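Q: Here is my input; please provide its structure:
(2 chains)
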Number of protein chains: 2
Amino acid sequence: MTDKTKRTRSEQDRVLIFDTTLRDGEQSPGATMTHEEKLEIAGLLDEMGVDVIEAGFPIASEGDFAAVSAIAAQSKNSVICGLARASTTDIDRCWEAVKHAPLPRIHTFIGTSPLHRDITALTQDEMIDKIHATVAHARNLCDNVQWSPMDATRTEHDYLCRVVETAIKAGATTINIPDTVGYTAPRESAKLIRMLLERVPGADQIIFATHCHNDLGMATANSLAAVEAGARQIECTINGLGERAGNTALEEVVMAMRVRNDIMPYRTAIDTTKIMHLSRRVSQVSGFAVQFNKAVVGKNAFLHESGIHQDGVLKNVQTFEIMRPEDIGLYAKNIALGKHSGRAALRSKLEELGYEMGDNQLKDVFVRFKALADRKKEVYDDDLIALIVDNASAAVDDHLQLRKLKVVCGTEGPQEAELTLAIDGTETFIDATGDGPVDAVFNAIKMLYPHDAKLDLYQVQAVTEGTDAQATVSVRLSLDGQIFTGQSADTDTVVASAKAYLNALNRLHAGQGRTSNSALMQSAS
Amino acid sequence: MTDKTKRTRSEQDRVLIFDTTLRDGEQSPGATMTHEEKLEIAGLLDEMGVDVIEAGFPIASEGDFAAVSAIAAQSKNSVICGLARASTTDIDRCWEAVKHAPLPRIHTFIGTSPLHRDITALTQDEMIDKIHATVAHARNLCDNVQWSPMDATRTEHDYLCRVVETAIKAGATTINIPDTVGYTAPRESAKLIRMLLERVPGADQIIFATHCHNDLGMATANSLAAVEAGARQIECTINGLGERAGNTALEEVVMAMRVRNDIMPYRTAIDTTKIMHLSRRVSQVSGFAVQFNKAVVGKNAFLHESGIHQDGVLKNVQTFEIMRPEDIGLYAKNIALGKHSGRAALRSKLEELGYEMGDNQLKDVFVRFKALADRKKEVYDDDLIALIVDNASAAVDDHLQLRKLKVVCGTEGPQEAELTLAIDGTETFIDATGDGPVDAVFNAIKMLYPHDAKLDLYQVQAVTEGTDAQATVSVRLSLDGQIFTGQSADTDTVVASAKAYLNALNRLHAGQGRTSNSALMQSAS
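A: Predicted coordinates:
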C-alpha cells in the first residue's frame, strides 16, 4: 500500500480530501455518535475514497480512544488520523490509537493568534519552542504528521511564517491552516496560502491544507480559493456538520471541482455516487436534519417548481441542472417497492441505496418491509432506509423490550399511556398520565424502569410525506457526563417515541454511552 | 421620499439589498405562502431596511397580482418590484400591480444563454430587438426598470455585452446578472461584472446587481465578489430560501460585509437586529426548517460544545465568536416566562421577540400562555412564538372548529379517533380508524367534512426540546391547482395535526388559496 498523502507536489492537480466528520463534526453540540455508528461512518468514508479520516481526539475520553483505535484497525485505504494538543501526553495517547492503522497520522495543534496566545500565557518564543518539541516528538513516533496553528487566519503573518517554518523543520508533513472562527473570505484565504508558499523555507516540501468554518457562509469558496493558491488538502465534513455553522461541506467542494473542472482543474479520489448515502447516514446518526435547500444533498437540490424551469428541464436537462442526481447516488424518488415485491427485489433496491446485508439481516428487514407495505399505501426509498435504521435499533436480547402500548390522547387531558414492558424477559405493566401522548409514554417507562438519566433531546422527523408516513424519533439521554442516544421509526409517532427511548435506555444498561464533549477539556482547530 | 435605488454611483460603498423571498424564494417547491403571510413578511422586510422587495410575479396568477398590489399599497420605504417576462402583456400587468407603491419598479427578463435562446427559438438579433422593445415599454410606464439576462453566467461574453448595452439604451436603470443555475465561482463572478463595467457603454450610469444560486455552496461568496468588482445590488432571500439549493442568504451577505468591513468596506441599510425574527417567520410560513448548522441563523450558529472553545469563550468572547447573538436579534435562550408572569411581562417579552400586538390580541395570547405555563414546565421564547402562530391560525368565526378529540393509538392497531367538530356552529361527531393516530384523525375529519383536496405535505417540527415540548404541524392541501396551507402548535402532536388540517380546510372554505406555481407557466431568473 502506498501512502498518497505523503507524495511530493508533483501531482499538481490532485487534491486530498480530509474528512473530519468524526472529530470536528461530532463536536457539534448534540451530534454525538456511538462507537458502532463511528465505525460504520468510517467504513463508508474509506469506501468512498476519502484520503484521510480524522477519527477523533484520543485523549478526550476512553470512548474516543477506543473509537479511533477500532477505526484504525478496520481501515483499508484511508490514512487514519487522530487529534492531539501540543503535549507529549496527548501525542503519545494519539499514537497508541492510530498506530493500529496501515497508514497512521498524528495531527497536533496549538492556537497561535494573539487571542489564543493570551490563553496559553506563552510568549512568541516560548510557543515556538513548544511547537518544535511537540512536532518532533510526534514525528519520532509516526512519519506522517500534520500540524495546525489554530486561528491561523487571525495570526500575524510574520509570526505565522515563523511557526509554520518551525513545524516543517521539526518534521511536519502536512501544514493545515485553519480558519477556526469562519472569518475569512476567498481572496484573503488564497492570499494567506500564497504568502506562506512564498515566504516559508521548505514550504514546497510539504502539503498545505485548508480547514474552514462556515460562520459567514463562505467555507466552500474559501477552501477552493486556498486550493487555487496551492493548498492540496481540504478538510471537510459530510453535510457540513460541525460546531456553530459547521465545517466546509465535503459534498460541496468535491462537486464544485467536478462541475467546474474547466476553471478548477483539480481531481479528488472521491466516488461521488456514495455521497447521498453518507449524507443520509450522517444525518440519521447525528440527529442533524439537512435543510431542504442545502446545496447538493438537500431534498430540493434537484427539484424544480416553476413552469419555465420545468419546461426547460424537459427540453434539455442542462438548462437548469448542472449536476445529475445520479452523480451523487440519488435515484428517482419513485415508489420503491410494493406489497408484492419479493426478497430479491428488496435486496437489489437496498444495494442501490448503499446497504449491503447478510441473509439473516435481509430476512428480518423483509418481514418488516412486508408489514409496512400492508399498512402504508406507498413504500418509498426513505421508508426503507428508516426501516433499516429501526431494525438496527432493537435486538432480541435487549434488556428492555416493548411488548404492548396503548395511548389515549386528545383535547381532553390528561393523556394516558398503558404500557407493557419485558424487563430481562419478565413482563410488567403500568399506566401513567402526562402532558401530551409522548410525555405520558415516557412517564410510564420511567415508572417501570426508574433511572436518573436526563432527557437532553427529543426530536421527530417525518420520513416521507403523507399522514401514514413513518416518523423517525431521536432521543438523547445523559447521565454522569455520559451520553446515550436512541432512534426508532414507525408510522405511529407515539410508538416510535417509546421505542427510541427504550433504545437509549438499553444502551445505558449495556454501558454503551460516550463521554459528552462538554464534560471534558477538548478542542478543535 | 427619495428613491435610493436610482442614485448615481457616487455613494461608492453603499450596497442595495434586493430581497426576493416573496418571488424567487416562494418559488421553492412547497414554500407557497398565503396572501396575509406575504403582506406580513413584506412589512417586516420594509421595516428591516430592505431597499427593494421583489413581491411576486403579477401575471402568474390572480393571487400573485393581488399580493403584489397589496404589498405595493402598504409599502413605506422599500421600492416594490414585480417580475415580468419579455412581453408587453406581462409588463403591463406588472405595472398595474406595482404602481400602487410610492416607489415602484418593473423587473423584466429573458434567457440569453445558448440553451435559453434555443428554447425561445429567437436569433441573437431578434432577441436584441425584443429586449429593446420590452425594456423601452417598461420604461415608458415606470422610471425604475430592472432588466435581467437569465443564465447570464453561461451567456457568451460578447453577446452579454450587446444585450446589456441594449437594455441600458432602452432605459433600464438596474442591470441584474443572474447565475441562474448556481454555476459560477467567486473569481469568475467578479470578472464578469468587471468585464461588463469596462466594455459596455453606459455601464457607469446604471447599477449592476448580482443574483446567485447556491447549487455549489458559493452563492454568498459569489455575490460578495461581484460587489468587490463593482456590483451595487445583491439579490437574496431570508434563510437562502429558493428553488433547488436556494438563493444567496440575505443574513449571510449582510453579516459578512459587517463583520469583515475591513476587507469589504460596504454598507447596507439593514437593521440586523431584525434578522432572527424574519428568519423564524419565513421558516414558519414556508414550512422550510433552518438546519442547526446554518450560517448566522441556525440553532447552533452561536453554540459552543468543546471544552477549549467554551473556556476560550468565557475568557474572551472574541476567541471563538466573530458576531454577537444580539447583532441579529437573538437573545439568551433562557426560560422566557413562568406561570406567575403578568401581562406586562408577556408584552415586553413579545416585543423583544419582534411581535407588536394590540390589547385584544395580547389578551388572547395571554390566556393561552397561562394555559401553556400550567401544562409545561418551562416556557421558552420558541414556545411563545409557536403559541402566537397557533393563535393566528384559528378564529372564532371559522367554518370548521375543533370541539373535542380523543385518539387511541399504540402497538395494537388500528388506531382510532373520536372527533367532534363544529361545522358552521353545528356540532357533529364521528369515529374513524387509520394507520397511526394522525391518519385516523384525518380520516375522521374527511368523513365529517368530505372534500376532494389532496394532502400534499404533512410536516411536524418540534418547537423546543423535551417530551412536553410543543410541536408545530404544517399541512398543505391542493385542489384544482390551488394551494391551501394550515399550521398549528400544541404539546400534543395529534391535536396540533387536527388543528392544522382544519386551518387549511377553513382557508379552502374561505377561498383563501393561492395558485400553485407548477399549475402555471411562470419563471425565475
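
Q: What confidence value was assigned to A:Gly43?
A: In this model, A:Gly43 is scored at 97, pLDDT.

Q: So for it, what's the nearest residue that isn't a sequence neighbour?
A: A:Gln74 (6.5 Å; CB to CB, 6 or more residues apart in numbering or on different chains). For the C-beta atoms, the positions are set from N, CA and C on the backbone; glycine is no exception.

Q: The one you found contacts A:Leu39, doesn't it?
A: Yes. If you go by CB atoms under 8 Å, A:Gln74 and A:Leu39 touch, sitting 6.5 Å apart.

Q: Of the two, which one has the most company?
A: Between A:Gln74 and A:Leu39, A:Leu39 has the larger neighbour count (other CB atoms under 10 Å in any protein chain shown), namely 18 against 14.

Q: Which residues are in contact with the more buried one?
A: Applying CB atoms under 8 Å, 6 or more residues apart in numbering or on different chains, we find A:Leu39 in contact with A:Ala67, A:Ala70, A:Ile71, A:Gln74.

Q: With the flanking residues excluded, which residue is spatially nearest to the second one?
A: Counting by CB to CB, 6+ apart, A:Ala70 lies nearest to A:Leu39, which is 5.8 Å off, once chain neighbours are set aside.

Q: so which helix or strand takes in the one you found?
A: According to DSSP states H and E, A:Leu39 maps onto helix A:35-48.

Q: buried set for that helix?
A: A:His35, A:Glu37, A:Lys38, A:Leu39, A:Ile41, A:Ala42, A:Gly43, A:Leu44, A:Leu45, A:Asp46, A:Glu47, A:Met48 (16 or more other CB atoms under 10 Å in any protein chain shown).

Q: before we move on, what about stretch A:419-427?
A: Quick answer for stretch A:419-427 (16+ other CB under 10 Å): A:Leu419, A:Thr420, A:Leu421.

Q: Include secondary structure when you put the residues you listed into TSV, please.
A: Formatted as TSV, the buried residues of stretch A:419-427 follow (DSSP: H, G, I helix; E, B strand; the rest coil):
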residue	secondary structure
A:Leu419	strand
A:Thr420	strand
A:Leu421	strand
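
Q: so which of those residues are also by chain B?
A: Among these, no residue lies close to chain B (CB under 8 Å from any CB of the partner chain).

Q: nearest to B:Gln291, of those?
A: For those, the closest approach to B:Gln291 (CB to CB) belongs to A:Leu419, at 34.0 Å.

Q: Apart from its neighbours in sequence, what residue is nearest that closest one?
A: Of all residues not flanking A:Leu419 in the chain, A:Ala444 sits nearest, at 4.1 Å (CB to CB, 6+ apart).

Q: my guess is that neighbour contacts A:Pro437, does it?
A: No. Here A:Ala444 does not reach A:Pro437: they are 10.8 Å apart, not a contact under CB under 8 Å.

Q: you'd agree A:Asp452 is in a helix?
A: No. Read with three-state DSSP, A:Asp452 is coil and lies in no helix.

Q: burial count for it?
A: The burial count for A:Asp452: 7, using other CB under 10 Å.

Q: That one and A:Gln482 touch, don't they?
A: No. Under the criterion of CB under 8 Å, A:Asp452 makes no contact with A:Gln482, lying 11.5 Å away.

Q: Can you tell me the element A:Pro102 falls in?
A: Using DSSP H and E, A:Pro102 sits within no helix or strand.

Q: wait, what's in contact with A:His107?
A: By CB under 8 Å, 6+ apart, A:His107 lies in contact with A:Glu54, A:Cys81, A:Gly82, A:Leu83, A:Ala84, A:Cys94, A:Val145, A:Gln146, A:Trp147, A:Ser148, A:Asn176.

Q: Which member of the residues you listed is positioned nearest B:Val407?
A: Among those, and counting by CB to CB, the member closest to B:Val407 is A:Glu54, at 47.2 Å.

Q: Sticking with that closest one, tell me its helix or strand.
A: strand A:52-56.

Q: how about stretch A:176-187, does it reach chain B?
A: Yes. Stretch A:176-187 comes into contact with chain B (CB under 8 Å from any CB), by way of A:Thr180, A:Val181, A:Gly182, A:Tyr183, A:Ala185, A:Pro186, A:Arg187.

Q: Which residues are in contact with the last one?
A: By CB under 8 Å, 6+ apart, A:Arg187 lies in contact with A:Ala225, B:Pro186, B:Ala225, B:Glu228, B:Ile263.

Q: PyMOL command to pick out the buried ones of those residues?
A: In PyMOL syntax, the buried subset of those is picked out as below (16+ other CB under 10 Å):
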select buried, (chain A and resi 225) or (chain B and resi 186+225+228)
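
Q: Can you redo the contacts of A:Arg187 as CSV, where the extra columns are pLDDT and distance to A:Met255?
A: CSV is the format used below for those (pLDDT from 0 to 100; distance: CB to CB, whole Å):
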residue, pLDDT, distance to A:Met255
A:Ala225, 98, 17
B:Pro186, 98, 16
B:Ala225, 98, 19
B:Glu228, 97, 25
B:Ile263, 95, 28
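
Q: out of the contacts of A:Arg187, which are inside helices?
A: Members of those lying in helices (criterion: DSSP state H): A:Ala225, B:Pro186, B:Ala225, B:Glu228.

Q: Need the nearest residue in space to the second one, chain neighbours excluded.
A: What it means is B:Pro186. Nearest to B:Pro186 is B:Ala225, by CB to CB, 6+ apart, at 3.8 Å.

Q: from what I can see the one you found touches B:Leu192, true?
A: No. The criterion here is CB under 8 Å, and B:Ala225 misses it with B:Leu192 at 9.5 Å.

Q: Now A:Thr134: closest residue in space that isn't a chain neighbour?
A: A:Ala86 (4.5 Å).

Q: how deep is the one you found tucked in, by neighbour count?
A: 22.

Q: any idea how far it lies from A:Gly242?
A: To A:Gly242, A:Ala86 is 22 Å away according to CB to CB, to the nearest Å.

Q: rewinding a little: let's see the helix holding A:Leu39 as PDB, backbone CA atoms only.
A: The C-alpha trace of helix A:35-48 is given here as PDB (Å, rounded to 0.1, in the frame of the first residue of the first chain):
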ATOM      1  CA  HIS A  35     -18.900   3.600  18.800                       C
ATOM      2  CA  GLU A  36     -20.700   1.400  16.300                       C
ATOM      3  CA  GLU A  37     -22.000   4.400  14.400                       C
ATOM      4  CA  LYS A  38     -18.500   5.900  14.200                       C
ATOM      5  CA  LEU A  39     -17.100   2.600  12.800                       C
ATOM      6  CA  GLU A  40     -19.900   2.400  10.200                       C
ATOM      7  CA  ILE A  41     -19.300   6.000   9.000                       C
ATOM      8  CA  ALA A  42     -15.500   5.500   8.900                       C
ATOM      9  CA  GLY A  43     -16.000   2.400   6.800                       C
ATOM     10  CA  LEU A  44     -18.200   4.300   4.400                       C
ATOM     11  CA  LEU A  45     -15.800   7.200   4.100                       C
ATOM     12  CA  ASP A  46     -13.000   4.700   3.400                       C
ATOM     13  CA  GLU A  47     -15.000   3.100   0.700                       C
ATOM     14  CA  MET A  48     -15.900   6.400  -0.800                       C
END
